[in-house]
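Student: No letters, just coordinates:
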C-alpha cells in the first residue's frame, strides 16, 4: 500500500511539473530594457519640422535612421546641453552615456562647453558635421525647419585638436570612403587638415577623426550624406552600424 501511495505521489508531482512547464511556455517573454541614446539633429530624422515639439505626424514610414536606432535604443531627444543656470551638462545630458549629434543647428557657447565637459567625463559621442549639406529640403533659408546647411562646430573641434578642411571643387573625391573595411557613402564632404596625434586618429582619407577626449571618446565625420532619407539601402545601415561600433566601443 505504501508503495502505491509513493507511486501515485510521483505521478502527481510529474503532472504538476509538466503543467507548470506548459503554462510557462504561454507566458510572454520579459522585454529587454533598451539602453538610452541621446539624439540632437537639425535633420528630419525624428520629426518633420525643426522644432523639438514638432514630432513626426504625417502618415508613412518613419525615417530609416530613426527606425534603425530605435531597434536597439530608447531615444532621448535633446534641444540643449547646458543647464539653465550654468555651463555644466544639464540633467538630461548628464544622465546619458552615448549621444548622436547629427548636423546640429548652431549651438551657443554654453552648449559647446557643456558638451565638451560631458565627453571629458566619459561620454561617447558620434558626431556628423557636414561642411556643405547636399540633402534636398522644401524649407527655404531662414525657416527653422530647414536643416543646418553648414556645420558650425569649429571652436569645439579646435579644442579637441582638430582642424577642418574643405575643397569646394570636389572634382576627384570618391562617392564612398572605406573606414575599417566598410564603405561610407559620401557627397561633397570635408577632410581634416590636421589633428592632434596624441588624441585623435584620422581614418578614411581624413574624413573621420576618432578621438580620446579625457575619459570619453568622440568620433567625428565631416559629412552627413549617409543619413539622407533617400535612397534607402543596406550600405547605409552597415556604415552607420560600423561608426556606432567605433564610437560606442568600451575599449
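Tutor: That came through fine. Computed from a prediction, not measured in an experiment: that's the story for all the values here. Numbers count the residues shown, from 1 in each chain.
Student: From here on, just use CA atoms for contacts and neighbour counts.
Tutor: Fine.
Student: In terms of secondary structure, what does the helix or strand encompassing residue 40 contact?
Tutor: Following DSSP states H and E, one finds residue 40 within strand 35-41. Applying 3 or more CA pairs under 8 Å, 6 or more residues apart in numbering; DSSP states H and E, we find strand 35-41 packed against strand 73-77, strand 98-102.
Student: Kindly recompute the last result at 10 Å.
Tutor: Applying 3 or more CA pairs under 10 Å, 6 or more residues apart in numbering; DSSP states H and E, we find strand 35-41 packed against helix 64-70, strand 73-77, helix 91-94, strand 98-102, strand 124-128.
Student: which residues of this protein score low on pLDDT?
Tutor: Where the chain drops to pLDDT under 70, the residues are 1-32, 48-60, 135-145, 147-148, 171-172, 251.
Student: now do 50
Tutor: Scanning the chain for pLDDT under 50 picks out 1-26, 50-58.
Student: show me where it has strands.
Tutor: For the chain, applying DSSP state E gives strands covering 35-41, 73-77, 98-102, 124-128, 162-165, 176-179, 182-185, 191-195, 200-203, 208-213, 216-221.
Student: could I get the ones you listed as JSON lines with mean neighbour count and distance to residue 156?
Tutor: Below are those laid out as JSON lines (neighbours: other CA atoms under 10 Å; distance: least, CA to CA, whole Å):
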{"stretch": "strand 35-41", "mean neighbour count": "19", "distance to residue 156": "16"}
{"stretch": "strand 73-77", "mean neighbour count": "16", "distance to residue 156": "21"}
{"stretch": "strand 98-102", "mean neighbour count": "22", "distance to residue 156": "13"}
{"stretch": "strand 124-128", "mean neighbour count": "25", "distance to residue 156": "12"}
{"stretch": "strand 162-165", "mean neighbour count": "18", "distance to residue 156": "9"}
{"stretch": "strand 176-179", "mean neighbour count": "16", "distance to residue 156": "23"}
{"stretch": "strand 182-185", "mean neighbour count": "20", "distance to residue 156": "24"}
{"stretch": "strand 191-195", "mean neighbour count": "18", "distance to residue 156": "13"}
{"stretch": "strand 200-203", "mean neighbour count": "18", "distance to residue 156": "14"}
{"stretch": "strand 208-213", "mean neighbour count": "22", "distance to residue 156": "12"}
{"stretch": "strand 216-221", "mean neighbour count": "24", "distance to residue 156": "11"}
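Student: export those strands to TSV and tack on distance to residue 113?
Tutor: Listed next are the strands of the chain as TSV, based on distance: least, CA to CA, whole Å:
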stretch	distance to residue 113
strand 35-41	16
strand 73-77	19
strand 98-102	15
strand 124-128	14
strand 162-165	16
strand 176-179	29
strand 182-185	30
strand 191-195	20
strand 200-203	19
strand 208-213	13
strand 216-221	15
